[in-house]
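> A structural model of the following input is requested.
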Amino acid sequence: MQKFIKPVLTAVALCTGLLTVTSASAAIACNREGECWHVKNAYNYHPEFGVTVHENNWRWGVGEKYRWREHPGRGYWRNGVWIRF
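From the prediction side, this is the model:
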């Protein structure tokens with residue numbers, strides 16, 4: 001009987017919002033200097049970092065000056081240096 005009850009309770013919890021399932025989502029982060037990189041999770045960057053997080057489909061406009069600077073791991077670019085956190 002318990003093999004039947006557990007899946008039913010899980011389904012009820014999902015339907016009623018009692019259980020939250022989160023998934024990673026890709027995003028694009030850019031700093032004030034125009035350096036942009038992909039992030040796997042939308043981190044809460046402190047305002048003093050000067051980082052703006054955009055949706056993954058974001059593109060810069062004509063005449064805007066941005067450049068890609070990919071880097072593995074968690075952190076952000078500041079003045080051309082990768083700062084880990």
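
> all strands of the chain, in order?
If you assign secondary structure with DSSP state E, the strands in the chain sit at 27-30, 35-39, 52-55, 67-68, 75-78, 81-84.

> OK, contacts around the nearest residue to Gly75 once chain neighbours are set aside?
If you skip the residues right next to it in sequence, Gly75 has Arg84 as its closest partner in space, 4.2 Å away by Cβ to Cβ, 6 or more residues apart in numbering. To be clear about C-beta, it is placed using only N, CA and C from the backbone, and glycine gets the same treatment. Remark: with contacts taken as Cβ atoms under 8 Å, 6 or more residues apart in numbering, Arg84 is in contact with Gly73, Arg74, Gly75.

> for those, which one is nearest Asn31?
Taking Cβ to Cβ as the measure, Asn31 lies nearest Gly75 of the contacts of Arg84, at 11.1 Å.

> what's near enough to touch that closest one?
In this structure, Gly75 makes contact with Trp82, Ile83, Arg84, Phe85, judged by Cβ under 8 Å, 6+ apart.
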